[in-house]
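# Quick one, fold the following:
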Amino acid sequence: MPLEHHPLSREFPEFRQQLQQLNSTNPQFVQLAQNYEALDKRIYEVEDGREAVDDLGLQGLKNQRVILKDQITELLKKANPASG
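Prediction:
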């Protein structure tokens, strides 16, 4: 299976405008997005063999990414005028 990064712009193409808006105006969102991107990069490096982490550790990292993605999703939905 080919390795993939999961950048927010690809995970949320329907929220492209909200991503830009929140990156400019919401410090909480910026912090969550930075944490998400760093975690995604680390997961990619583990899966690519550049960082050694056992399967349980990798699953823990992926679970953390899901939690961050859920938090980001909530902020994106709140910023989406079509969802209100």
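# What residue, apart from its backbone neighbours, is nearest the residue nearest in space to the middle of the chain spatially?
Closest residue to the average C-alpha location of the chain: Tyr36 at 3.9 Å, with CA atoms, centre = their mean. Take Tyr36 and drop its neighbours on the chain: the residue closest to it by CB to CB, 6 or more residues apart in numbering is Leu68, 4.4 Å away. Placement of C-beta: from N, CA and C, glycine included.
# picking that back up, does the residue nearest to the centre of the chain really touch Arg65, like I thought?
Yes - using CB atoms under 8 Å, Tyr36 is in contact with Arg65, at 6.6 Å.
# what about the helices in the chain?
For the chain, the helices defined by DSSP state H occupy 8-11, 16-25, 27-47, 55-79.
# Those helices into JSON lines, with extra columns for mean pLDDT?
Output for the helices of the chain, formatted as JSON lines (pLDDT from 0 to 100):
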{"stretch": "helix 8-11", "mean pLDDT": "93"}
{"stretch": "helix 16-25", "mean pLDDT": "95"}
{"stretch": "helix 27-47", "mean pLDDT": "96"}
{"stretch": "helix 55-79", "mean pLDDT": "96"}
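# Done for today, thanks.
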